[in-house]
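Visitor: prediction below, plus the sequence it came from.
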Amino acid sequence: MEKLEEVRRSASTVPAGKLPVSVIIPVRNEAKNLPRCLQALTDVGEVYVIDSQSTDDTVEVARSHGAHVVQFHYQGGWPKKRQWAMDTLPLAYDWILLLDADEVLTSELATEIRRAIQNPAVDGYSVLLRIWFLGRVLRHGDVGLWKLSLFRRGKGRYECRLKDQDAYMADMEVHEHVVVEGATASLQNALIHHNMESLSRYIQKHDEYSNWESRVLLQPGNDKELPPSLVGTQAQRRRWLKRKLFAVPGSPVLLFLYRYVLRLGFLDGVPGLIYCGFQAVQMFHTKAKIYELKSKGTRV
């Protein structure tokens, strides 16, 4: 395991000819997903894997692919995992690319990134996630998600929507978004997002997400940095719709009908049905946890 002092020393050596970006990958027990992610990063300048005391072979897999491995010990509150890494690591490059272990950088996207970061007028880029779920790419159901994943070091940071957090709500940013100081644009090529290792792991992760989301939705005024807006970015539109939809009785059913019927999720076959159903179930879990918090008089 590398200590931060060792990482600082090794970061001074920058490989020639590599894609000049610093990749940050937060992980915990991602030994199955990580090889696919790291194999696509062989031509990237540096890769940091930020681990949370994994009990599988995550660390060994990361080190075998030449990544720097740094342990993150979450103490609650803010910052969380990715922001901590951005604040702490001795990054060698001027551009940061945030990836998850279940995401894959394609050669087409890497080539586009190499060109894009030469533009001095842009400080951040949004990247489309193309969802791979249960053996197929989902092309319908409004599942495409844009993430501001590429930005200049020092120009981007995560919004903090909830300072009072702990590990049972996940130790890294859930639906917080990167806010960039400066101009932003979108890239044409997508990241491949392998959405799950198994259905059991998918359910476990989204249980943590609903713990976080139920508290966020109970706390008003926590969206100042990226306010809900019907005419804003995709993240702002989704946030606006979520605020409105959660107040509607039967909204999980409405969400399922919107994704599966109106946005043609049924064209993705059984995986589309399961994915749209899980999205509706997660909304139901979040609404149920909001009710639980209110019934207990829990302060957010």
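Guide: Arrived safely, thanks for sending.
Visitor: what mean pLDDT does the helix of greatest length in the chain have?
Guide: Using DSSP state H, we find that the single longest helix of the chain is helix 269-296. Averaging pLDDT along helix 269-296 gives 94.
Visitor: and what of stretch 185-201?
Guide: 88.
Visitor: buried stuff in it?
Guide: 187, 189-197 (16 or more other Cβ atoms under 10 Å). Just so you know, the C-beta spots here come from the backbone N, C-alpha and C atoms, and that holds for glycine as well.
Visitor: before we move on, back to that, can you point out the buried residues in the longest helix of the chain?
Guide: So, applying 16+ other Cβ under 10 Å, buried residues of helix 269-296: 271-273, 275-276, 278-287, 289-290, 293.
Visitor: and stretch 61-76, by the same measure?
Guide: Neighbour-count burial for stretch 61-76 flags 61-62, 65, 67-70, 72, 74 (criterion: 16+ other Cβ under 10 Å).
Visitor: save these as CSV, and put in secondary structure, distance to A170 and pLDDT too.
Guide: Formatted as CSV, the buried residues of stretch 61-76 follow (DSSP: H, G, I helix; E, B strand; the rest coil; distance: Cβ to Cβ, whole Å; pLDDT from 0 to 100):
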residue, secondary structure, distance to A170, pLDDT
V61, helix, 22, 97
A62, helix, 20, 98
H65, coil, 25, 97
A67, coil, 22, 97
H68, strand, 23, 97
V69, strand, 20, 97
V70, strand, 18, 97
F72, coil, 12, 96
Y74, coil, 9, 93
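Visitor: which one of those is nearest P35?
Guide: Using Cβ to Cβ, the shortest approach to P35 within these belongs to V61, at 5.8 Å.
Visitor: wait, that closest one sits on P35?
Guide: Yes: counting by Cβ atoms under 8 Å, V61 touches P35, with 5.8 Å between them.
Visitor: please name the nearest non-neighbouring residue to V127.
Guide: S149 (4.8 Å; Cβ to Cβ, 6 or more residues apart in numbering).
Visitor: what helix or strand does that neighbour sit in?
Guide: Using DSSP states H and E, S149 maps to strand 145-152.
Visitor: tell me what that strand is packed against?
Guide: Using 3 or more Cβ pairs under 8 Å, 6 or more residues apart in numbering; DSSP states H and E, the elements in contact with strand 145-152 are strand 95-98, strand 124-133, strand 178-180, strand 184-186, helix 234-245.
Visitor: show me where the stretch 1-150 of the chain dips below the pLDDT cut-off.
Guide: Across the stretch 1-150 of the chain, the ranges flagged by pLDDT under 70 are 1-16.
Visitor: do you know how far the closest residue to G277 other than its chain neighbours is from L273?
Guide: Take G277 and drop its neighbours on the chain: the residue closest to it by Cβ to Cβ, 6+ apart is F256, 6.4 Å away. For F256, the distance to L273 (Cβ to Cβ, to the nearest Å) stands at 10 Å.
Visitor: on that earlier part again, need the winner for burial among the helices and strands packed on strand 145-152.
Guide: Across the helices and strands packed on strand 145-152, the average number of neighbours (mean count of other Cβ atoms under 10 Å) peaks for strand 95-98, which reaches a mean of 24.
Visitor: mind exporting that one as PDB, just the C-alpha atoms?
Guide: Below are the C-alpha coordinates for strand 95-98, written out as PDB (Å, rounded to 0.1, in the frame of the first residue of the first chain):
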ATOM      1  CA  TRP A  95      -6.900  18.000 -15.900                       C
ATOM      2  CA  ILE A  96      -8.800  15.600 -13.700                       C
ATOM      3  CA  LEU A  97     -11.000  12.700 -15.000                       C
ATOM      4  CA  LEU A  98     -13.400  11.100 -12.500                       C
END
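Visitor: from the contact counts, what lies against it?
Guide: Helices and strands touching strand 95-98, as assessed by 3+ Cβ pairs under 8 Å, 6+ apart, comprise strand 19-27, strand 145-152.
Visitor: next one: it to chain centre, how far?
Guide: Here strand 95-98 shows a centroid-to-chain-centroid distance of 13 Å under the convention Cα atoms, centre = their mean, to the nearest Å.
Visitor: and what of stretch 168-178?
Guide: Distance of stretch 168-178 from the chain centroid (Cα atoms, centre = their mean) equals 8 Å.
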